[in-house]
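Visitor: Test case, fold it:
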Amino acid sequence: MSEKQLSYYENFQEIEKKLWSLLIEAVKDRDSEFRTPVFICGDNKDLDGRVVVLRKADQKNNFVQFHSDIRSSKIKKIKKNPNCSLLFYGKKEKIQLRLKINSQINFNNDVSKKSWEKTGHISRKCYLVANGPGTISDKPTSGLSGKFDNFDYTKQESEEGYKNFCVIKCNITSIEWLYLAAKGHRRALIDLEGIKKFSWLVP
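Guide: Got it, this is the predicted structure:
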């Protein structure tokens, strides 16, 4: 599709429709460039970022979700400062999304239980490590015992990982959209705090 035909080039409603379609599709499509954004958290003394996997996108309620180990260092950062951001970029789409969010940790509750039940026992491997992510080791390691490291475990045995599993719900306060185009970039802001407001920005 040529740039002249793109419905979302200079139309707020089409921009919003496009960006949510990218986020919703990324939850289902493992090959989507929008599936693995960079999550940035912390404060001016300890700012940090890491790649996460998008697990849910809810346009009606303006939030996205990803999973984490409750022992991860980002959990302490979120507790200290829940105001975080998510950065997405799709090379094929030439679209960048910057989401400002208020992060909510869901641990051992209905939200985490529902997400855990949808997580296959092989995918639960990440939460079966004996020590938390980032723990210093005297040798290269996956952090898993032999049985778990070799995928030689049942779904029932994988239930052990639930004690380390949590869901980070990212309540979106604003979305900044940037489209890179040869005929002229376009940039817009959607403010979701209070009454929704659209603004054009200089790219």
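Visitor: alpha carbons only for contacts and neighbour counts from here, please
Guide: OK.
Visitor: Residues contacting the helix of greatest length in the chain, please?
Guide: Determined from DSSP state H, the single longest helix within the chain is helix 12-28. With CA atoms under 8 Å, 6 or more residues apart in numbering as the test, helix 12-28 has contacts from 7-9, 32-35, 54-59, 97, 177, 188, 198.
Visitor: from the residues you listed, which ones fall inside helices?
Guide: Counting by DSSP H, no part of the contacts of helix 12-28 is found in helices.
Visitor: Out of these, which end up buried?
Guide: Applying a neighbour-count criterion of 16 or more other CA atoms under 10 Å, the buried members of those are 8-9, 33-35, 54-57, 59, 97, 177, 188, 198.
Visitor: Give me the secondary structure label for the nearest residue to Ile122 once chain neighbours are set aside.
Guide: Nearest residue to Ile122 in three dimensions, chain neighbours excluded: Phe151, at 6.8 Å (CA to CA, 6 or more residues apart in numbering). Put simply, Phe151 is coil when judged by DSSP: H, G, I helix; E, B strand; the rest coil.
Visitor: Would you mind measuring from Phe151 to Cys166?
Guide: 22 Å (CA to CA, to the nearest Å).
Visitor: Next: Trp20.
Guide: 24 Å.
Visitor: swap in Leu87?
Guide: Distance from Leu87 to Cys166, by CA to CA: 21 Å.
Visitor: Between these two, which has more neighbouring residues?
Guide: In this view Leu87 and Cys166 are compared by other CA atoms under 10 Å, and Cys166 has more residues nearby, 25 against 19.
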